[in-house]
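J.: Let me see the structure of the following:
(one chain, ligands or ions: 1)
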Amino acid sequence: LIVLGIETSCDDTAAAVVRGNGEILSQVVSSQADLLVKYGGVAPKMAEEAHSQAIDLVVKEALNKANLTERDLSAVAVTVGPGLSLCLRVGVAESSENCWSLQSAHCWCSPHGGSCFSSQHLDRKTQVNYYILLIERDLQFPFLALLISGGHNLLVLAHNLGHYTQLGTTIDDAIGEAFDKTAKWLGLDMRRSGGPAVEELALEGDAESVKFSTPMQQHKDCNFSYAGLKTQVRLAIESRNIDAKIPISSTSSQERNSRANVAASFQRVAVLHLEERCERAIGWALKIEPSIKHLVVSGGVASNKYVRTQLEQVVKKNSLQLVCPPPCLCTDNGVMVAWTGVEHFCVGRFDPPPPANEPEDFVFDLRPRWPLGEEYAEGRSDAR
Ligand code: ATP
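T.: Below is the predicted model:
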């Protein structure tokens with residue numbers, strides 16, 4: 001079984017080829033980092049154009065690196081949501097074309113079973129966990145999963161493939177968005193996204209020096225909020241007269257120190273919020289599934305070393321183990337799509353290729369918004 005995975009849900013055009021035994025044959029990502037810097041975030045129309053320009057080359061390169069031709073593929077998996085519809089369309093069109101010419105099975109992304117072969121974006125991110133399941137053979141369902149990225153903050157209990165209970169989500173911004181804005185306001189180099197730049201600068205700062213309050217202290221649930229912390233950071237930066245237009249590389253050592261203190265203090269509180277929510281979620285998860293042994297963390301922010309160290313302590317206290325994907329699989333990538341495809345294919349969740357005579361007109365229901373799993377009742381009743 002060999003599956004090509006295609007990912008275009010947001011700002012990275014990615015493709016990968018994975019074997020049914022979990023071997024990654026190739027992985028290619030074309031980043032839109034320059035556009036992010038130019039437009040100060042993801043501009044859907046620009047992102048769509050960039051995907052359209054990159055997609056053929058990315059897929060070809062993935063096949064070349066895997067030393068395969070399209071004819072060797074058993075199936076093609078593609079993300080259909082959630083994400084930006086304009087961008088999702090590019091990946092779906094590409095996968096349709098591939099499936100049609102190959103007559104291989106089609107891996108639409110659907111989390112809820114049915115006739116689709118592939119998974120939704122969030123399912124895919126937790127699919128990295130299934131990939132880990134392969135590398136680290138002792139990871140078994142059920143497990144608790146934390147997804148921390150630019151667009152999502154999610155705590156879900158994964159009972160089984162495609163069967164999740166949502167314990168918490170963000171009520172406004174996700175943690176990655178807070179890292180990105182902090183980086184921007186501190187005048188950091190955004191070419192490789194804000195998170196790594198803040199993490200690096202935070203190493204030089206005093207994490208106790210700026211007093212930020214931890215979000216949602218009065219809410220005894222597992223939801224997240226980063227909008228208020230973002231505002232606190234912006235005000236702290238303004239009150240220190242930090243000018244984002246002056247890149248950190250051109251500042252005095254005193255000014256650099258001031259920026260590092262904000263970065264470190266922000267990171268400490270942002271991660272403390274994660275720790276508190278995970279601690280509570282572990283309690284809830286153990287009530288529902290007493291056999292859970294792992295907290296699996298995925299999404300771009302999972303590559304942050306401070307996040308990993310702090311969450312390690314939380315899981316140890318609760319006699320669980322922390323599982324994180326390698327950093328290259330933390331952000332958007334084709335491997336997680338391809339691997340989701342493998343999983344769904346193996347249990348018969350896939351579609352035949354689109355009609356050969358009219359692949360262009362083949363319509364698939366994109367799901368720009370697509371919640372993952374049912375919401376846990378305690379999450380609703382115990383909110384304050
Ligand atoms: P989603 O796919 O969930 O809609 P996304 O495409 O932004 O959102 P990812 O590609 O998984 O998500 O992650 C990108 C985010 O991860 C960015 O916000 C980035 O700043 C953050 N990030 C990456 N590395 C780090 C790091 N070392 N520390 C903190 N944040 C990081």
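
J.: could you list every residue that touches A263?
T.: Taking C-beta atoms under 8 Å, 6 or more residues apart in numbering, we find A263 in contact with 182, 186, 198, 201-202, 205. To be clear about C-beta, it is placed using only N, CA and C from the backbone, and glycine gets the same treatment.

J.: Could you pull out the buried residues of the strand or helix carrying it?
T.: According to DSSP states H and E, A263 maps onto helix 253-288. Across helix 253-288, burial judged by 16 or more other C-beta atoms under 10 Å covers 255-256, 258-271, 273-274, 276-282, 284-286.

J.: Can you pull the residues of the stretch 201-350 of the chain lying near the ligand?
T.: 299-301, 303-304, 331-332 (C-beta under 6 Å from any ligand atom).

J.: got a list of contacts for stretch 37-48?
T.: 10-11, 32, 35-36, 84, 86-87, 89-90, 180, 184, 190-191.

J.: List just the nearest of those residues to G151.
T.: C10 (7.0 Å; C-beta to C-beta).

J.: Could you measure from that closest one over to V59?
T.: Using C-beta to C-beta, to the nearest Å, C10 is found at 18 Å from V59.

J.: can you check I288 too?
T.: For I288, the distance to V59 - C-beta to C-beta - is 40 Å.

J.: cool, and I171?
T.: Remark: distance between I171 and V59 (C-beta to C-beta) = 37 Å.

J.: Those two: which has the busier surroundings?
T.: Taking neighbours as other C-beta atoms under 10 Å, I171 and V59 compare with V59 leading, 25 against 15.

J.: give me every residue that touches that one.
T.: With contact taken as C-beta under 8 Å, 6+ apart, V59 is in contact with 4, 6, 15, 94, 98.

J.: Doesn't it lie inside a helix?
T.: Yes: V59 sits within a helix when classified using DSSP: H, G, I helix; E, B strand; the rest coil.

J.: before we move on, the earlier item: among the residues of the stretch 201-350 of the chain next to the ligand, which one sits closest to L68?
T.: Among these, D332 lies closest to L68 (C-beta to C-beta), at 22.5 Å.

J.: Show me what the residue nearest to the closest one when sequence neighbours are not counted is bridged to.
T.: Excluding the flanking residues, the one nearest D332 by C-beta to C-beta, 6 or more residues apart in numbering is D12, at 4.5 Å. In this entry, D12 is beta-bridged to S31, by DSSP bridges.

J.: Next, count neighbours for D12.
T.: Count around D12 with other C-beta under 10 Å applied: 22.
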